[in-house]
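Undergrad: Turn this into a structure:
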Amino acid sequence: MIKAGIIGASGYTGGELLRLLVSHPDVSLELATSRSLAGKPVASTHRHLEGFLDLKYENPGLEEIRERCDVVFVAVPHGTAMNYVPELLDGSTKVIDLSADYRLDIPVFEKIYGIKHSDPRNAVYGLVELHPEAAREYFVANPGCFPTGAILSAAPLAAAGLIDIAVFDSKTGISGAGISPTETSHYPNLAENIVPYKLTAHRHRAEIVQELTRLDGNLRNISFTPHVIPTIRGISTTAHLFTKEPLSTEDVRGIYEEFYRDKPFVRLPGGVPSLTAVRGSNFCDIGFEADKENNRVVVLSAIDNLVKGASGQAIQNMNLMFGLAETCGLWTPATAP
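TA: Reported below is the predicted structural model:
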């Protein structure tokens with residue numbers, strides 16, 4: 001059994017890691033850390049795990065964590081994972097970081113996040129559909145939630161060198177803001193409302209640019225605007241991809257079917273993807289329609305921001321890093337409706 005630990009287990013992504021790992025056939029949950037909750041049962045904060053998990057929160061040192069675990073998931077705020085990763089990697093333990101600390105080239109990270117990086121090192125960007133080399137690594141940077149849906153929506157056309165301009169519009173559930181309440185997440189402010197934010201300068205744009213330009217080095221015109229909607233889970237992305245030549249919907253279907261062949265967590269169900277069809281699952285559903293008259297392809301993607309956008313994707317990476325099928329412990333349908 002793979003002994004797994006979670007640093008920062010009290011938040012939403014930590015809770016999803018626990019929920020998914022508790023029934024993983026090849027994983028034994030070894031520890032869950034929280035400095036403020038040390039000594040309390042994990043199920044006292046993650047009530048849905050009552051009866052499934054007997055762990056108590058701990059606050060051990062990094063050397064002890066490394067010695068007790070085969071894999072550690074780091075689910076801490078941006079700018080703090082770099083304080084944990086170096087010592088965790090000082091041995092044979094594999095590490096998957098769910099923060100942004102290692103997703104970007106260091107100069108880009110420091111510019112976007114305004115933080116001086118204390119541990120500059122390379123990490124594979126853990127979007128498995130584009131980076132199968134994660135299987136050979138000891139350290140993987142798990143992608144952000146918005147970039148996951150956006151990149152997967154555009155990757156096939158980018159790889160084909162067909163995109164001239166890419167405009168992404170994403171709608172996310174409020175769990176993406178984290179477990180601490182804010183003015184935006186306050187029920188009277190969000191209910192029956194939609195809240196755009198960071199209209200032109202959201203930090204997740206850098207990941208989208210990084211990955212799409214790796215597929216097509218000539219692609220430069222990439223825009224991204226997020227919105228918060230009054231739902232708990234899910235990200236619905238609409239990508240307006242202006243192409244260098246007119247394409248039919250059938251042309252697009254052929255490109256996407258070939259690109260995502262043997263990619264089990266990307267589905268092309270036809271029609272408009274639904275958040276309810278992916279809720280609680282690790283799937284990314286994609287739909288599209290070509291606007292041939294305007295050299296535009298509208299691509300829609302739907303993911304669960306806490307699963308494919310975070311914890312499920314982290315476990316997908318773990319599976320490959322330990323030589324397991326990437327679907328292991330994750331092949332389950334959504335909780336629709």
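
Undergrad: make it CA atoms for all contacts and neighbour counts henceforth
TA: Fine.

Undergrad: pull the helix or strand with minimum mean pLDDT from the chain.
TA: Among the helices and strands of the chain, helix 187-190 carries the lowest confidence by mean pLDDT, DSSP states H and E, at a mean of 87.

Undergrad: Using PDB, write out every CA atom in it.
TA: Coordinates of each C-alpha in helix 187-190 appear next as PDB, following Å, rounded to 0.1, in the frame of the first residue of the first chain:
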ATOM      1  CA  TYR A 187     -24.800  34.500   0.800                       C
ATOM      2  CA  PRO A 188     -26.700  37.800   0.300                       C
ATOM      3  CA  ASN A 189     -23.900  39.100  -2.000                       C
ATOM      4  CA  LEU A 190     -23.600  36.000  -4.200                       C
END
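
Undergrad: Could you pull out the buried residues of that helix?
TA: Going by neighbour count (16 or more other Cα atoms under 10 Å), the buried part of helix 187-190 is L190.

Undergrad: What of stretch 45-54?
TA: If you call a residue buried by 16+ other Cα under 10 Å, then stretch 45-54 has these buried ones: 46, 49, 53.

Undergrad: same deal with stretch 28-47?
TA: For stretch 28-47, using 16+ other Cα under 10 Å, the buried residues are 28-34, 37, 41-43, 46.

Undergrad: Sort out which of those are in strands and list them.
TA: 28-33 (DSSP state E).

Undergrad: Take those residues and lay them out in a markdown table including pLDDT and distance to S248.
TA: Formatted as a markdown table, those follow (pLDDT from 0 to 100; distance: Cα to Cα, whole Å):
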| residue | pLDDT | distance to S248 |
| --- | --- | --- |
| S28 | 98 | 49 |
| L29 | 98 | 49 |
| E30 | 98 | 52 |
| L31 | 97 | 52 |
| A32 | 98 | 50 |
| T33 | 98 | 51 |
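
Undergrad: State the pLDDT value of the residue of the chain most remote from its centre.
TA: For the chain, the largest distance from the centre (Cα atoms, centre = their mean) belongs to E293, which lies 34.2 Å off. E293 carries a pLDDT score of 96 in this model.

Undergrad: Touching, it and P246? I think so.
TA: Yes: contact criterion Cα atoms under 8 Å: E293 and P246 qualify, at 7.3 Å.

Undergrad: sorry, back to before: so who does the residue farthest from the centre of the chain touch?
TA: Counting by Cα atoms under 8 Å, 6 or more residues apart in numbering, E293 touches P246.

Undergrad: So it belongs to a helix, correct?
TA: Yes: if the criterion is DSSP: H, G, I helix; E, B strand; the rest coil, then E293 is within a helix.

Undergrad: What are the structural domain limits within this structure?
TA: Listed by automatic domain parsing, the domain ranges of the chain are 2-122, 146-305.

Undergrad: The nearest residue to P60 once chain neighbours are set aside and G61: what is the separation?
TA: Nearest in space to P60, with sequence neighbours left out and distances taken as Cα to Cα, 6 or more residues apart in numbering, is T33 at 7.6 Å. Separation of T33 from G61 (Cα to Cα, to the nearest Å): 10 Å.
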